[in-house]
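Engineer: Predicted model, plus sequence, below.
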Amino acid sequence: MAPPTEDNLTKVSTDAATEFVQSFYPALENNRSSIASFYNQPTAMILFNGNAVTDGAAVQEIFVNQMSPTHYEVQSFDCQIINQGYPTPTSTGTKLPTETTLKDMSILVLVSGYVRFGESRDLPQRGFSETILLVPNPTTDLPKGRRRKEWLIQTQNFRLVV
């Protein structure tokens, strides 16, 4: 099998970043009970304004029980492949290099925009910057009727801009 071309790798990573941004930020606003499903288990590191959060379930708990309604306005995002041969776990171990596909990579996603905390449109918006490392979702078995996320957050660093 021929190695993937740069064009193919770029398309996969760009599509992954686009799909992620278009689903993650709306979930933070309107579907907070699904937030944990965006995270790989275990995660390497999650930071919100310098404060460590243990995992996706803890992020979900913060958004569901502690945070006022939010509105995100993503202004821009970009991505870069970090590892073209990410060692994707399987039920029998880790994929061998000969078994990897175009989607066995890790992708750095940089997002910037504005966030408003609270329901009123009159409240001020704050700038934010976020760095996320996406990895392939190793699971293949999902409950019937649920769409499998192809990419999960492995590492995340969120910062409000002063």
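Structural biologist: Sure, I can see it. Because the structure is predicted, anything quoted here is derived from the model rather than measured.
Engineer: all helices of this structure, in order?
Structural biologist: 6-30, 56-61 (DSSP state H).
Engineer: Please identify the most buried of those helices.
Structural biologist: When the helices of the chain are scored by mean count of other CB atoms under 10 Å, the highest mean neighbour count falls to helix 56-61 (a mean of 18). Every C-beta, even on glycine, is put in place using the N, C-alpha and C of the backbone.
Engineer: Contacts for it, please.
Structural biologist: When contacts are defined by CB atoms under 8 Å, 6 or more residues apart in numbering, helix 56-61 is touched by residues 32-41, 43, 46, 48, 53, 153.
Engineer: Narrow these to just the buried residues.
Structural biologist: Arg32, Ile35, Ala36, Ser37, Phe38, Tyr39, Asn40, Thr43, Ile46, Val53, Ile153 (16 or more other CB atoms under 10 Å).
Engineer: Report the central residue of the chain.
Structural biologist: Centroid check for the chain by CA atoms, centre = their mean gives Ile153 as the closest residue, at 4.0 Å.
Engineer: Check the nearest residue to it once chain neighbours are set aside and give its pLDDT.
Structural biologist: Take Ile153 and drop its neighbours on the chain: the residue closest to it by CB to CB, 6 or more residues apart in numbering is Tyr39, 4.8 Å away. Tyr39 carries a pLDDT score of 96 in this model.
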